[in-house]
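[1] what's the 3D shape of this:
(one chain, ligands or ions: 2)
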Amino acid sequence: MANVSIIVNNDLCNSCCECISACSSNSICIMINKVLGRPVPFVTDPSKCEGCDSCLKACPQAELAKQATTAT
Ligand code: SF4
Ligand code: SF4
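    Numbers count the residues shown, from 1 in each chain. Ligands and ions are numbered 1, 2, ... in the order given. From the prediction side, this is the model:
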């Protein structure tokens with residue numbers, strides 16, 4: 001299921017937190033990433049993710065993630 005995990009997993013998250021309020025199922029929480037030293041979102045229960053893309057539409061980094069995942 002495509003959601004903000006793709007942003008975080010591609011190390012593109014800038015911690016703006018726009019995705020959190022965009023999720024209609026309240027599936028996104030924010031946690032301090034100890035390696036990065038700043039907060040990043042995570043999907044608390046992937047089974048609740050509806051794949052609605054709202055988080056990705058709200059994310060300013062989504063286009064970069066799309067490019068990263070389609071590059072060969
Ligand atoms: S795809 Fe939709 S339901 Fe899933 S985390 Fe993003 S906003 Fe929430
Ligand atoms: S909207 Fe995108 S860049 Fe901002 S916190 Fe969420 S995943 Fe990170």
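[2] now the helices for the protein?
    The residue ranges that make up the helices of the chain, judged by DSSP state H, are 5-9, 18-22, 54-58, 62-70.
[3] Output the contacting helices and strands for the helix or strand of the chain with the lowest mean pLDDT.
    Per-element confidence for the chain was summarised using mean pLDDT, DSSP states H and E. The lowest value among helices and strands belongs to helix 62-70, with a mean of 86. Using 3 or more CB pairs under 8 Å, 6 or more residues apart in numbering; DSSP states H and E as the contact definition, the elements that helix 62-70 packs against are helix 5-9. For every residue, glycine as well, the C-beta is placed using N, CA and C.
[4] Touching the helix it packs on from outside, list them.
    13, 19, 40-43, 46, 56, 59, 61-62, 65, 69 (CB atoms under 8 Å, 6 or more residues apart in numbering).
[5] Quick check: bridge partners of the closest residue to residue 15 other than its chain neighbours?
    Distances taken as CB to CB, 6 or more residues apart in numbering put residue 38 closest to residue 15, at 4.8 Å, once the chain neighbours are dropped. Residues found in beta-bridge contact with residue 38 (criterion: DSSP bridges) are residue 33.
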